[in-house]
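sequence and predicted structure, then a few things I'm wondering about:
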Amino acid sequence: MAKTRMPSTRLAARLLGLAMGTACAATAHADLDATGQREVQALLAFVGSSHCTFIRNGKAYDAEAARNHLQYKLDYLVQRHKVNSAEEFIERAGTDSSFSGKPYRVNCDGTERLSADWLREELQRLRATPP
């Protein structure tokens, strides 16, 4: 029976340090800064307070359900360090279904359109409005 050799303590420490350094670098690169957090929270509030119907995978949802769904997706993305701007939030959470790939749509006052376009327009409006 062959013996398996355990890595030395020094090698194990180096590997752990390398892994931690890589994780820290990824975290620093992919986290929302204060501006991004403000913008994303404003977009979520906009969605939640709208009078629009949201269509996801062919089913209609009210504004509160849509806001909750986007918050869920945001939480998932933040945990995995996959969003670092409001644009990335829209692209990765507010554009289409992660399962079916079907685009999200929004119906406001009888006019249906892509949710991504609607959210991008709101982000532009937010940025044009003084704080």
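Everything's here; your move.

so residue 122 makes contact with residue 40?
No - the criterion here is CB atoms under 8 Å, and residue 122 misses it with residue 40 at 11.4 Å. Using the backbone N, CA and C atoms, a C-beta is placed for each residue, glycine as well.

neighbour count winner among the two?
The neighbour count for residue 122 versus residue 40, taken as other CB atoms under 10 Å, is higher for residue 40 (24 against 18).

secondary structure element for that one?
Here residue 40 sits within helix 34-49, counting by DSSP states H and E.

could you check how far that helix is from the centre of its chain?
Taking the mean of its C-alpha atoms, helix 34-49 sits 11 Å from the chain's own mean (CA atoms, centre = their mean, to the nearest Å).

let me see the mean pLDDT of that helix.
Per-residue pLDDT over helix 34-49 has a mean of 97.

in it, what counts as buried?
Using 16 or more other CB atoms under 10 Å as the test for burial, helix 34-49 gives 36, 39, 40, 42, 43, 44, 46, 47, 48.

any shared contact partners between residue 122 and residue 40?
Shared contacts of residue 122 and residue 40, defined by CB atoms under 8 Å, 6 or more residues apart in numbering, are absent.

phi first, then psi, for the nearest residue to residue 94 once chain neighbours are set aside.
Of all residues not flanking residue 94 in the chain, residue 119 sits nearest, at 4.9 Å (CB to CB, 6 or more residues apart in numbering). When read as degrees, to the nearest 10, the backbone of residue 119 gives phi -70, psi -40.
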